[in-house]
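A.B. asks: need a structure here:
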Amino acid sequence: MPILKYSYDNNNLIISSNQLSYNHMIHKSILICLFTFFGSQMLSQTSAQKTQPFYVNILINAEETYYVETERTEIENIEQKVSEIVRNKPFRIDQQIVYRIFADKNLPMAKLIDLDQKLSNAYSINIRRERYLLNTVEMNIDGRNWFESINMNSLN
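C.D. replies: This next block holds a predicted model:
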């Protein structure tokens, strides 16, 4: 049952109901809660997308054979292959791309520098490089399934 309030303003009688203001407060509170909930959901999704990088994995084994992801690729075609991968996979424009290079530890540094240059030519906006030197002969890493042979937790 609504409670009526009586008040005077400039000698005029004002009659108001607290039920109306109570309902109004409840509606406002519900709207504020909904905006807060959906706003926090959108912010958490946006921040989660920004924090997860897009990885491109490259292997150079001891015989200087290159694999981009699971596909064997000649050094001359690295730029084209990496460019295709980056441009054809869905990712956010502000998302960082991480080139993970897995190379045999006995390769000359010039090979890694050449590969870095080709990767920069393929795509160079908001990138990071991670290099892992492995003993690919001892680990017996070769072929299309090379990435499954690597324990990422054991690498530095």
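A.B. asks: pLDDT of the helix or strand containing residue 33, averaged?
C.D. replies: Taking DSSP states H and E as the definition, residue 33 sits inside helix 18-51. Averaging pLDDT along helix 18-51 gives 66.
A.B. asks: after it comes which helix or strand?
C.D. replies: Following helix 18-51 in sequence, per DSSP H and E, is strand 54-60.
A.B. asks: Give me the helices and strands touching that following strand, please.
C.D. replies: Packing partners of strand 54-60 (3 or more CB pairs under 8 Å, 6 or more residues apart in numbering; DSSP states H and E): strand 66-68, helix 78-88, strand 97-104, helix 109-122. In this view, the C-beta of every residue, glycine as well, is placed from N, C-alpha and C.
A.B. asks: Okay, now the sheet partners of the first one, with direction.
C.D. replies: In other words, strand 66-68. strand 54-60 (antiparallel), strand 71-73 (antiparallel) (DSSP bridges).
A.B. asks: looking at these, which is buried most?
C.D. replies: strand 54-60 (a mean of 20; mean count of other CB atoms under 10 Å).
A.B. asks: OK, contacts around the closest residue to residue 78 other than its chain neighbours?
C.D. replies: The spatially closest residue to residue 78, leaving aside those adjacent along the chain, is residue 118, at 4.5 Å (CB to CB, 6 or more residues apart in numbering). Residue 118 makes contacts with 75, 78, 79, 82, as judged by CB atoms under 8 Å, 6 or more residues apart in numbering.
A.B. asks: again, only this time at 10 Å
C.D. replies: 58, 66, 75, 76, 77, 78, 79, 80, 81, 82 (CB atoms under 10 Å, 6 or more residues apart in numbering).
A.B. asks: ok, which pair from these is furthest apart?
C.D. replies: Comparing every pair within those by CB to CB identifies 58 and 76 as the most remote, at 14.4 Å.
A.B. asks: With mean pLDDT and distance to residue 37 added, can I get the strands paired with strand 66-68 in CSV?
C.D. replies: Output for those, formatted as CSV (pLDDT from 0 to 100; distance: least, CB to CB, whole Å):
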stretch, mean pLDDT, distance to residue 37
strand 54-60, 92, 29
strand 71-73, 92, 45
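A.B. asks: Of all those strands, which one is nearest residue 145?
C.D. replies: strand 54-60 (10.9 Å).
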